[in-house]
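Trainee: got a sequence here, can you build the structure:
(one chain, ligands or ions: 2)
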Amino acid sequence: MTNESFGNVLEESKGYRGGLVKKAKTQINWTPELLEEFIKCQKDPVYFGEKYMKIRTTDPDETGSRIRIIDLYDYQKDIIRAMQHDSSIVAECARQSGKTTAVTVYVLWYIIFHEAVEVAILANKGSTAREILSRIKMAYEDLPDWLQQGVEDWNKEYIALENKSKIVAAATSADNIRGRAQNLVFIDEAAWVDNWDEFFTSVYPTLSSGKTTKLMLVSTVNGMNHFHQITTLARQKKNNYTLISVGWQDVPGRDEEWKQKTLAAMNFDYEKFAQEYENRYLGSSGTLIKGSKLQEMVSSIPISAEDKLKIYQYPEEGRTYSLIADVSQGKGLDHSAVSVVDITEMPYQQVATFYDNECSPMDFAEKMNTLGRRYNNAYVLIEINDIGSTVAHILHDTFEYPNMLVSADMGRAGKVISQSGSSRNDLGLKTTAKTKRKGCALLKLLIEQDQLLIQDQNTLHELSTFIRKGKSYEAEKGKNDDLVMTLVLFAYFSEQEFFKQITEISTFEEIRDETSDEIETSMAILGIQVIPERQVVDGLELEKHTDEFWQLVDDDYHSF
Ligand SMILES: Nc1ncnc2c1ncn2[C@@H]1O[C@H](COP(=O)(O)OP(=O)(O)OP(=O)(O)O)[C@@H](O)[C@H]1O
Ligand SMILES: [Mg+2]
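Mentor: Ligands and ions are numbered 1, 2, ... in the order given. This next block holds a predicted model:
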């Protein structure tokens, strides 16, 4: 392009910010030197970024300009190189470390030097995604014309270049991204995306395979949620993500003095600092399941997630299932939750969950009827303290569900679960402080000994905030524990005589073997020979019956 014709283009393209965007079909006057430089840029996004990409910075340069070309930090180069060579990347990064900037360099390079590719920039909020796109547009406008492609579309959430490459910016919940074939999906602040499972399974079913689409997740961390799962698996090399971690010390210019100032500005909230600047995934303190176990637990991506029902394993012929429900009043505060557990053998496995806060008792009973029948007429246990009793009766009377569990209060022996039709029985289980305590203690044993495998992310998240309160456990303020309660009920059921009859497994004896081994070892270390008549193991009190057999004591005394 001659200088004269470039001037005309400038005139014609005043609609664009700065008026510097090249219009489609503009010719460039290529010299050998320019061509060489172009090829250098084409080969290397880091070279391209450091030499030509202007970004808006917080500190002005010597001329007072905040918009300028910068040297990339080492980890920004790592992020760009990983994006260039790998197919799935996850970067856990401190706040304000330049993580978004690093990705914008790659995205800009990617659309300029690739034809007919589509990039999605996604974030929890559409405005965040649009802001990132505006940064890319701004940098684009400042590129020399020989690096620019002509522009066909130049909007707030969509741009298209002459080489047919495009960028869309949207919220992760947006409909217009569903099912589009994108070559690169960048999710900024991925740890803060709500309803991650739904997003992944319904909006981007192709992403989980990671075959055709490059996926870039960048975020500050946010507790033990889906992002924790992805980075944990990446650290354990159990998924195909390349992991990049950037802590505050990696950012040039941040030193001890900076740390103290930042902490002071945060009112010395060390936990918040650890989360925002040191990539620490915090669960609550005093959780039922010990922190080290929670840290290593990972969920699975559901094979189907529709209408609040998540399936991790389809029903299989010949297997036995139990469906446990915790039913709320449906005021939108609590949730009605269901877990389906495969009880054919140990370890037991959570194979499906249903979670809703708007369901009427009738709808809920209908859902349970369908789900229970699908899972080989699963044994259904419903918590009936609240509106659960109504649901249980609808399921029993209207849907004539075949495998309903009932319970009877047997005094010192506690609540006994069976399937008998006696009118003395409750249709379901009314939890008391005692059943809950026992359920919690058993659940702790089951999970910590890997005898109950949790597949569902929401359940894991609830476990990370299910904490001790007085003698019992419950959700931390502002959190839910409905899915955890289905498992507490399940754990209680797993120790019942009726459970032994249907599964031929004595759950507690199985887990006790492990537990007493541990106890014997620690006692041997201490030189203690005599095993007491009663002992407490992980909050469960045991009574010696014979040398071989220790029975779970079921009275009001527990160690917590
Ligand atoms: N290599 C660099 N050199 C100098 N400044 C940089 C560099 N990279 C980014 N910055 C500046 O640092 C600031 C933060 O950058 P950016 O928004 O990319 O960080 P972030 O980690 O995504 O931040 P946040 O946690 O707020 O999302 C911006 O003002 C940006 O211009
Ligand atoms: Mg950012």
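Trainee: okay, now the unreliable bits of the stretch 301-450 of the chain?
Mentor: 330-334, 421-422 (pLDDT under 70).
Trainee: just give me the neighbour total for the closest residue to ligand 1 within it.
Mentor: Among the residues of the stretch 301-450 of the chain, residue 301 lies nearest to ligand 1; the distance is 26.2 Å by C-beta to the nearest ligand atom. The C-beta positions use only the backbone N, C-alpha and C, and glycine is treated the same way. Residue neighbour count, defined by other C-beta atoms under 10 Å, stands at 18 for residue 301.
Trainee: so which helix or strand takes in it?
Mentor: For residue 301, there is no enclosing helix or strand under DSSP states H and E.
Trainee: wait, it touches residue 199, no?
Mentor: No: using C-beta atoms under 8 Å as the test, residue 301 is too far from residue 199 to be in contact (11.0 Å).
Trainee: show me the contacts for the residue lying closest to residue 98 once chain neighbours are set aside.
Mentor: The shortest distance from residue 98 to any non-neighbouring residue, by C-beta to C-beta, 6 or more residues apart in numbering, is to residue 76 (5.6 Å). The contact partners of residue 76, by C-beta atoms under 8 Å, 6 or more residues apart in numbering, come to 98, 99, 101, 102, 105.
Trainee: quick one: residue 76 is in a strand?
Mentor: No: the assignment for residue 76, made by DSSP: H, G, I helix; E, B strand; the rest coil, is helix rather than a strand.
Trainee: state the pLDDT value of the residue nearest to residue 508 when sequence neighbours are not counted.
Mentor: Spatial nearest neighbour of residue 508, excluding adjacent residues (C-beta to C-beta, 6+ apart): residue 495 at 5.1 Å. According to the per-residue confidence, residue 495 scores 91 in pLDDT.
Trainee: who are the contact partners of residue 495?
Mentor: 438, 442, 507, 508, 552.
Trainee: next one: residue 311
Mentor: Each residue near residue 311 by C-beta under 8 Å, 6+ apart is listed here: 302, 303, 304, 305, 351, 352.
Trainee: okay, now the fourth one: neighbour count?
Mentor: So that's residue 305. 20.
Trainee: packing partners for the one helix or strand it maps to?
Mentor: Residue 305 is part of strand 304-306, with elements assigned from DSSP H and E. Identification of packing neighbours for strand 304-306 by 3 or more C-beta pairs under 8 Å, 6 or more residues apart in numbering; DSSP states H and E yields strand 309-311.
Trainee: so what's the most centrally placed residue in the chain scoring on pLDDT?
Mentor: Note on the chain: the residue nearest the mean C-alpha position is residue 226, at 1.3 Å, using C-alpha atoms, centre = their mean. Looking at residue 226, its pLDDT stands at 91.
Trainee: for the closest residue to it other than its chain neighbours, what are its contacts?
Mentor: The shortest distance from residue 226 to any residue other than its chain neighbours is 4.0 Å, reached at residue 196 (C-beta to C-beta, 6+ apart). Taking C-beta under 8 Å, 6+ apart as the criterion, residue 196 is in contact with 225, 226, 227, 457.
Trainee: what's the burial count for the third one?
Mentor: Neighbouring residues of residue 227 were enumerated by other C-beta under 10 Å; the total is 24.
Trainee: which stretch of helix or strand covers it?
Mentor: Short version: residue 227 belongs to helix 226-235, going by DSSP H and E.
Trainee: neighbouring strands - and their directions - for the helix or strand that that helix is followed by?
Mentor: Scanning forward in sequence from helix 226-235 by DSSP H and E, the next helix or strand is strand 242-246. Under the criterion DSSP bridges, strand 242-246 sits next to strand 88-93 (parallel) in its sheet.
Trainee: which outside residues touch the following helix or strand past the partner strand?
Mentor: Proceeding C-terminally, strand 88-93 gives way to helix 99-113 as the next helix or strand, assigned by DSSP H and E. Contacts with helix 99-113, where a contact means C-beta under 8 Å, 6+ apart, come from 41-42, 45-46, 48-49, 53, 55, 72, 75-76, 79-80, 83-84, 91, 93, 117, 119, 121, 132, 135-136, 139-140, 147-149, 161, 163, 165-167, 184, 186, 188, 216, 218, 246.
Trainee: dump the longest strand that the chain contains to CSV, restricted to CA.
Mentor: Of all the segments of type strand in the chain, defined by DSSP state E, the longest one is strand 348-356. As requested, the backbone C-alpha atoms of strand 348-356 are provided in CSV (Å, rounded to 0.1, in the frame of the first residue of the first chain):
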residue,chain,number,x,y,z
TYR,A,348,-19.8,-47.8,47.0
GLN,A,349,-20.1,-45.2,44.3
GLN,A,350,-22.2,-42.1,43.8
VAL,A,351,-23.5,-42.6,40.3
ALA,A,352,-26.1,-39.8,39.9
THR,A,353,-27.3,-36.6,41.6
PHE,A,354,-30.4,-34.5,41.3
TYR,A,355,-30.5,-31.0,42.8
ASP,A,356,-33.2,-28.5,42.7
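Trainee: hmm, who's touching that strand?
Mentor: Outside of strand 348-356, the residues within contact range by C-beta under 8 Å, 6+ apart are 308-313, 315, 321, 335-342, 364, 367-368, 371, 375, 446, 451-456, 458-459, 482-483, 487, 490, 494.
Trainee: so which residues on the stretch 1-150 of the chain come close to ligand 1?
Mentor: By the criterion of C-beta under 6 Å from any ligand atom, the positions of the stretch 1-150 of the chain lying close to ligand 1 are 55-58, 70, 72-73, 76, 93, 95-101.
Trainee: hmm, which of those is lowest in pLDDT?
Mentor: Of all these, the model is least confident about residue 58, whose pLDDT is 80.
Trainee: show me where the stretch 351-500 of the chain has its strands.
Mentor: Per DSSP state E, counting those that start in this stretch, the stretch 351-500 of the chain carries strands over the ranges 379-383, 406-409, 415-418, 452-453, 466-469, 472-475.
Trainee: can you list the helices and strands that the shortest one packs against?
Mentor: Spelled out, that is strand 452-453. Strand 452-453 makes packing contacts with strand 348-356, helix 482-494 when contacts are defined by 3+ C-beta pairs under 8 Å, 6+ apart.
Trainee: just checking: what are the partner strands of the shortest one?
Mentor: Read it as strand 348-356. strand 309-311 (antiparallel), strand 336-342 (antiparallel), strand 452-453 (parallel).
Trainee: dump the C-alpha coordinates for the second one into CSV.
Mentor: This points to strand 336-342. Provided in CSV are the C-alpha atoms of strand 336-342 (Å, rounded to 0.1, in the frame of the first residue of the first chain):
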residue,chain,number,x,y,z
SER,A,336,-34.0,-30.8,47.4
ALA,A,337,-31.2,-33.2,46.7
VAL,A,338,-30.9,-36.8,45.7
SER,A,339,-27.9,-39.1,45.4
VAL,A,340,-28.0,-42.4,43.7
VAL,A,341,-25.4,-44.8,45.1
ASP,A,342,-24.3,-48.1,43.6
